[in-house]
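Show me how the following folds:
(chains A and B)
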There are 2 protein chains.
Amino acid sequence: MPVTTDAAIEITAFRWVPEFAQGLVRDLRLRWAMEEVGLDYRVRLLGPERPTDYLLEQPFDQVPCFSDGIVKIFESAAIVQYIGEKSDVLLPRDPQGRFRAIQWSYAAVNSVEPAFNNLFAVTVFYADQEWAKLRRQGAEDFARLKLKRVSEWLGDKTWLEGERFTIGDLLMVTVLRNLKHTGLVAEFPNVAAYQKRGEARPAFQRALADQLAVFAANQPQPEGAAA
Amino acid sequence: MPVTTDAAIEITAFRWVPEFAQGLVRDLRLRWAMEEVGLDYRVRLLGPERPTDYLLEQPFDQVPCFSDGIVKIFESAAIVQYIGEKSDVLLPRDPQGRFRAIQWSYAAVNSVEPAFNNLFAVTVFYADQEWAKLRRQGAEDFARLKLKRVSEWLGDKTWLEGERFTIGDLLMVTVLRNLKHTGLVAEFPNVAAYQKRGEARPAFQRALADQLAVFAANQPQPEGAAA
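Numbers count the residues shown, from 1 in each chain, chains lettered A, B, ... in the order given. Here you go, the predicted model:
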């Protein structure tokens, strides 16, 4: 159980987020990576109000940040790569294997995730706005095209580069989870099975349970409930 | 002059793109990185029709791909990191310096670029569509917020992490260029000066000239001009 109070590694996470974002916040990626490689960590929880100097740690006002006494960095995919480099569990050592994994890390967050986030925006965040209603079909088609590309590449492989699960898969699976409010992934059975394989990993299950446990413990009380 | 016909490194690039995309296509990032570190490369040009098996090289049907006899990879930011790792010119060797640079590489393409691409989409690609007109102000505000975050972080630093130019700066400057159709960067003088410093580097100038020279040489002739 890697969450400990005296670990050298500290990450930041939110104390609570609305239900639609639970299981999607990006500290999940770090928790998962650390569970895969067996690193202990502790969590510094942030409320909706951040510490006044938080932008000096995370210029985009997001979570997670990471520090371990050696580095102090932000940006979840970079942190996952840093954790990956600590062993060959998530990142092969040979140049080609290593950079195929790193390439998929960047692809997950740059070639795929923005299309999914845009669909999330028009179907969840801005659902009531006129522009979002008009854009919804286009955003869905674009997200579907990205899924088609991933599906065609994946074929009948177990993971993106074959038999080895890497940081690229870890990031891609968390990116695919951003479509949970849609039925899109199910249109591509091999991608759906791939996501399911990732989510079935014990390390993922522990990471998810640990993120959700924080939200459950900090559930805001309905007004007046304490009275 | 790193573009040679017999170099071990091969990258893919487009033979020609419309004027609005010239100087923005992502092979520019690789050309720039290779100019900075002094690596020779050759260019395999692709037309609008790709080779039938191109998706096996680049699953998202984009440029650039990269091969050097050691690795064969796609995704421009991953390739820039790979080039960066070949020396300490663009990527410090110490863990903190190294991962601060890698963190900014991911931040450029994940925390910043999508907001700029969305603004580009509503003001250029989809400018005539009703949803884009309705969304334009919101997209501009979101892009401006990202610029504000970068500006506040940057302060009076020369580069994102101080005195050393790294792969993170290289990628951030190319991302800022995606706003050239707007006046947004000028609203943040320190960011505008930062972009200008990056673009003034001789390596950038050579890379840009080499990309533009290809488009000039392959400018489509107006119909009937050959008659």
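
Heading C-terminal from the lowest-mean-pLDDT helix or strand in chain A, find the next helix or strand.
Ranked by mean pLDDT, DSSP states H and E, the weakest helix or strand in chain A is helix A:54-57, scoring a mean of 94. Scanning forward in sequence from helix A:54-57 by DSSP states H and E, the next helix or strand is strand A:65-67.

Helices of chain A, start to end?
A:27-37, A:54-57, A:76-84, A:95-106, A:113-120, A:130-154, A:167-176, A:189-199, A:202-217 (DSSP state H).

Let me see the domain layout of chain A.
Following automatic domain parsing, one gets these domains for chain A: A:9-89+A:204-217, A:95-201.

Now render these as TSV, adding mean neighbour count and distance to B:Lys133.
In this view, the C-beta of every residue, glycine as well, is placed from N, C-alpha and C. Below are the domains of chain A laid out as TSV (neighbours: other C-beta atoms under 10 Å in any protein chain shown; distance: least, C-beta to C-beta, whole Å):
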stretch	mean neighbour count	distance to B:Lys133
domain A:9-89+A:204-217	18	28
domain A:95-201	19	8
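
As CSV, the ones you listed with distance to B:Gln221 would be great.
Output for the domains of chain A, formatted as CSV (distance: least, C-beta to C-beta, whole Å):
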stretch, distance to B:Gln221
domain A:9-89+A:204-217, 44
domain A:95-201, 32
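
Which one of the ones you listed lies nearest to B:Asn218?
When the domains of chain A are compared by C-beta to C-beta, domain A:95-201 sits nearest B:Asn218, at 25.6 Å.

And chain B, is that closest one touching that?
Yes - interface with chain B: domain A:95-201 contributes A:95-96, A:99-100, A:102-107, A:109-111, A:113-114, A:117-118, A:129-132, A:134-135, A:138, A:146, A:149-150, A:152-153 (C-beta under 8 Å from any C-beta of the partner chain).

rewinding a little: flag whichever of the helices of chain A has the least confidence on average.
Ranked by mean pLDDT, the helices of chain A end with helix A:54-57 at the bottom, a mean of 94.

you'd agree A:Ala107 is up against B:Glu75?
Yes - with contact defined as C-beta atoms under 8 Å, A:Ala107 reaches B:Glu75; the gap is 4.9 Å.

If we ignore the residues flanking it in sequence, what's nearest A:Glu36?
Excluding the flanking residues, the one nearest A:Glu36 by C-beta to C-beta, 6 or more residues apart in numbering or on different chains is A:Ala203, at 4.4 Å.

Which one of the helices of chain A lies nearest to B:Phe60?
For B:Phe60, the closest of the helices of chain A is helix A:130-154, at 5.2 Å, according to C-beta to C-beta.

re the thing from before, next up, the contacts around the residue nearest to A:Glu36.
By C-beta atoms under 8 Å, 6 or more residues apart in numbering or on different chains, the contact set of A:Ala203 is A:Trp32, A:Glu35, A:Glu36.

now A:Tyr126
So A:Tyr126 contacts A:Ala132 (C-beta under 8 Å, 6+ apart).

excluding its backbone neighbours, what's nearest A:Val173?
A:Gly198 (3.4 Å).

ok, that neighbour touching A:Leu170?
Yes - if you go by C-beta under 8 Å, A:Gly198 and A:Leu170 touch, sitting 7.3 Å apart.

Could you measure from A:Arg144 over to A:Val173?
18 Å (C-beta to C-beta, to the nearest Å).

now swap in A:Val112 and tell me
Look at A:Val112 and A:Val173: by C-beta to C-beta, they are 11 Å apart.

do the same with A:Ala77
13 Å.

now swap in A:Phe120 and tell me
If you measure A:Phe120 against A:Val173 using C-beta to C-beta, the figure is 16 Å.

And A:Pro64, by the same measure?
17 Å.

still on that earlier bit, could you dump the contacts of A:Ala203 to TSV with distance to B:Phe165?
What follows is the contacts of A:Ala203, written out as TSV (distance: C-beta to C-beta, whole Å):
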residue	distance to B:Phe165
A:Trp32	33
A:Glu35	36
A:Glu36	34
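
just those now: which is nearest chain B?
Of all these, the one with the least separation from chain B (C-beta to the nearest C-beta) is A:Trp32, at 16.8 Å.

residue contacts, the residue nearest to A:Glu57 when sequence neighbours are not counted?
Leaving out its chain neighbours, the residue that sits closest to A:Glu57 by C-beta to C-beta, 6+ apart is A:Cys65, at 4.9 Å. When contacts are counted by C-beta under 8 Å, 6+ apart, A:Cys65 touches A:Ile11, A:Thr12, A:Glu57, A:Gln58, A:Lys72, A:Ile73, A:Phe74.

so A:Leu154 touches A:Pro189, yeah?
No - applying C-beta under 8 Å as the test, A:Leu154 and A:Pro189 come out as separate, 10.6 Å apart.

In contact with the residue nearest to A:Asp68 when sequence neighbours are not counted, which residues are there?
Among residues not flanking A:Asp68 along the chain, A:Ile9 sits closest, at 4.5 Å (C-beta to C-beta, 6+ apart). A:Ile9 makes contact with A:Met34, A:Leu39, A:Asp40, A:Tyr41, A:Arg42, A:Phe66, A:Ser67, A:Asp68, according to C-beta under 8 Å, 6+ apart.

and stretch A:200-220, how far out from the chain's middle?
Distance, stretch centre to chain centre, for stretch A:200-220: 13 Å (C-alpha atoms, centre = their mean, to the nearest Å).

swap in stretch A:172-183?
Its chain's C-alpha centre and that of stretch A:172-183 lie 10 Å apart, by C-alpha atoms, centre = their mean.

before we move on, what about stretch A:103-113?
12 Å.

Same check on stretch A:74-85?
Taking C-alpha atoms, centre = their mean, one finds stretch A:74-85 lying 11 Å from the centre of the chain it belongs to.

what do you get for stretch A:149-157?
21 Å.

What are the contacting residues of it?
If you take C-beta under 8 Å, 6+ apart as the criterion, stretch A:149-157 is touched by A:Val112, A:Leu160, A:Met172, A:Phe188, A:Asn190, A:Val191, A:Tyr194, B:Leu55, B:Pro59, B:Phe60, B:Asp61.

Surely A:Ala77 and B:Asn110 touch.
Yes - at 6.5 Å, A:Ala77 counts as touching B:Asn110 under the criterion of C-beta under 8 Å.

which residues do the two both contact?
The contact sets of A:Ala77 and B:Asn110 overlap at A:Val109 (C-beta under 8 Å, 6+ apart).

Look up the pLDDT of A:Arg50 for me, please.
Looking at A:Arg50, its pLDDT is 89.

Quick check: phi and psi at it.
Taking degrees, to the nearest 10, you get phi -90, psi 160 for the backbone angles of A:Arg50.

Leaving aside the residues adjacent along the chain, what's closest to it?
Leaving aside its sequence neighbours, A:Arg50 sits nearest to A:Asp61 (C-beta to C-beta, 6+ apart; 6.5 Å).

residues contacting the one you found?
Neighbouring residues of A:Asp61 by C-beta under 8 Å, 6+ apart: A:Arg50, A:Tyr54, A:Leu55, B:Arg149.
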